[in-house]
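Trainee: Here you go, sequence then predicted model.
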Amino acid sequence: MQDVVIENQFQQEVIGIVAKSCNLLPENIAPDSSFESLGISSLDALTIAFELEERYSIEIPDVDVYSISDIKQLVEGVEKLLCTDTNPV
Amino acid sequence: MKIVKTAVITGLGCITPYGVGVDKFWQGISTAQAGIHKHAVTGIPGLSELPLGKVTGYRGTEHFNDKSVRLLDLATQYALVSAREAMQDAELSSANLDPERAGVVLGTGCGLRETNDEVLENFHLGRRTVPPYALAKGLFNAPCSHISIEYGIRGPCYMVTTACASSNHAIGQALQLIQTGAADIVLAGGTEAVLTPPFIQAWRSMRILDFETCRPFSRGRQGLVLGEGAGIVVVEEENHARARGAAAYARLSGFACTADAQDMTRIGTLGPQAAIKQALRSASLNPEDIDYVNAHGTGTVLNDAAETRILKQVFGSHAHKLKISSTKSMHGHALGASAALEFIAVVKAIKHGIIPPTLNYEAPDADCDLNYVANEARTADVAAAISNAFAFGGLNAVVAVTRT
């Protein structure tokens, strides 16, 4: 149960970063929203990646920045990087 | 019946990573020599070297006097030196040129960076004065204006800026000036000299640079390699060229430009397809007439897969018979000048029957399954070719070139 709460908190935090980066309201972003449905352009995606890297001290592979196309993939991708990062903050 | 004027190419000039001049450029790319090398970079955190298609062996003072060289941005110098070569190649000078029937149309993708970066840096470092020549030196139209002044050219002269498609748009504009009778001779092409630390860092932030080399259409490609240089060609009305006994390399047969109206950096599908189709139509060519495609072929994962799909959609079964190469694999992506260098590659391919290759090709990629003339130049009869340029901002320009 606690895991689910933490999971949701993390998801909301990522959604908050997406919202801030793209000037969107967090309540309009669902966990399964596609970037296309949110009007997120390729430059928005680059900005999101930049903000996430700053926030979590991770390095998102360049290829992933251009291939991630929805919030679910984004949250899972960042989680995976945080798990594999040897020096997470 | 309305007679449409036709255009031929009667002169070529360029500055590339292979040095000054078309001979060095063609010698390099037709024998699969790398123009891309790793260069030390300074002032960029976490980056000490980077593969670049950097012009080497160029000294401004070999082409301009001490005073002039200070007043000319590097991009303007490249353009002037290339224009001189193209004019000489076409056996043209101010003495045998009708000034009002000649024009200059050039492209630059990113402007005169060296000058403008220097001015900004000095200003923000506390030196609040700006030299009086800085404005004129940094104007984006300075390359065009200086060529106009040097040769007394008083016809249509202007610059176009459409990022990586700039010089294809410029060459296309030259064709239209000839076809509409606005000029008999147009110097057309592009110039770029932007390898400054802030500009390199801006590209790095886009996450599309390859830090090893440029391997378009290949498995393992990571991105593009920045380059610089200039390419300028003489586009001449065919009867005008014939009347003065000028030899023509090839005919500039068609041009089209379109926009994606979609995304600033992601390549579209409909825009590039339409540009190729319309360029073929404007040249009265059928898809199966095309022998060679000089691809936009940046070496990014997305561009090369998308361009492959686009070529298949336009050319159908003939797509597999096309010989396709990205010469950016050898000279780098010279941005606003790139299409001009690639245009010269196409003209020379037609002239000599040699297709320059896609260098650094390692292995087939599932998304790129056409014939990319990998690693070695190929002898081939090239009667008709197109050159693609699909720019950031979704602006596409395609030119068609045929044998005379």
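Mentor: Arrived safely, thanks for sending.
Trainee: From here on, just use CA atoms for contacts and neighbour counts.
Mentor: Fine.
Trainee: which stretches of the chain have low pLDDT?
Mentor: Because you didn't say which chain, this covers chain A. Along chain A, the model assigns pLDDT under 70 to residues A:1-6, A:85-89.
Trainee: hmm, I had chain B in mind actually
Mentor: In chain B, residues with pLDDT under 70: B:1-3.
Trainee: Kindly state the beta-bridge partners for residue A:70.
Mentor: For residue A:70, the beta-bridge partners are residue A:34 (DSSP bridges).
Trainee: how many other residues sit next to it?
Mentor: Residues near residue A:70, counting by other C-alpha atoms under 10 Å in any protein chain shown, number 18.
Trainee: mind listing what it touches?
Mentor: Applying C-alpha atoms under 8 Å, 6 or more residues apart in numbering or on different chains to residue A:70 gives the contacts A:32, A:33, A:34, A:35, A:36.
Trainee: could you redo the last one with a cut-off of 7 Å?
Mentor: A:32, A:33, A:34, A:35 (C-alpha atoms under 7 Å, 6 or more residues apart in numbering or on different chains).
Trainee: Over to residue B:105?
Mentor: So residue B:105 contacts B:144, B:157, B:158, B:159, B:170, B:174, B:186, B:187, B:188, B:189 (C-alpha under 7 Å, 6+ apart).
Trainee: Please pick the buried ones from the contacts of residue A:70.
Mentor: Neighbour-count burial (16 or more other C-alpha atoms under 10 Å in any protein chain shown) applied to the contacts of residue A:70 gives A:34, A:35.
Trainee: where's the residue in chain A positioned nearest to chain B relative to residue B:205, distance?
Mentor: Minimum separation of chain A from chain B (C-alpha to the nearest C-alpha) falls at residue A:62, amounting to 5.2 Å. Relative to residue B:205, residue A:62 is positioned 10 Å away (C-alpha to C-alpha, to the nearest Å).
Trainee: contacts for the helix or strand hosting residue A:37?
Mentor: Per DSSP states H and E: residue A:37 is located in helix A:35-38. For helix A:35-38, the surrounding residues in contact (C-alpha under 7 Å, 6+ apart) are A:69, A:70.
Trainee: mind checking how far that helix is from the chain centre?
Mentor: 13 Å (C-alpha atoms, centre = their mean, to the nearest Å).
Trainee: Sort out which residues of it are buried, please.
Mentor: Neighbour counts over helix A:35-38 (16+ other C-alpha under 10 Å) mark A:35, A:38 as buried.
Trainee: Now render the contacts of residue B:105 as JSON lines, adding secondary structure, distance to chain A and neighbour count.
Mentor: JSON lines is the format used below for the contacts of residue B:105 (DSSP: H, G, I helix; E, B strand; the rest coil; distance: C-alpha to the nearest C-alpha, whole Å; neighbours: other C-alpha atoms under 10 Å in any protein chain shown):
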{"residue": "B:144", "secondary structure": "helix", "distance to chain A": "32", "neighbour count": "25"}
{"residue": "B:157", "secondary structure": "strand", "distance to chain A": "34", "neighbour count": "20"}
{"residue": "B:158", "secondary structure": "strand", "distance to chain A": "30", "neighbour count": "20"}
{"residue": "B:159", "secondary structure": "strand", "distance to chain A": "27", "neighbour count": "22"}
{"residue": "B:170", "secondary structure": "helix", "distance to chain A": "27", "neighbour count": "30"}
{"residue": "B:174", "secondary structure": "helix", "distance to chain A": "33", "neighbour count": "31"}
{"residue": "B:186", "secondary structure": "strand", "distance to chain A": "37", "neighbour count": "32"}
{"residue": "B:187", "secondary structure": "strand", "distance to chain A": "35", "neighbour count": "29"}
{"residue": "B:188", "secondary structure": "strand", "distance to chain A": "32", "neighbour count": "32"}
{"residue": "B:189", "secondary structure": "strand", "distance to chain A": "29", "neighbour count": "40"}
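Trainee: Pick out whichever of those residues sits closest to residue B:310.
Mentor: residue B:170 (23.2 Å; C-alpha to C-alpha).
Trainee: Now do the closest one against residue A:8, distance only.
Mentor: Distance of residue B:170 to residue A:8, given as C-alpha to C-alpha: 53 Å.
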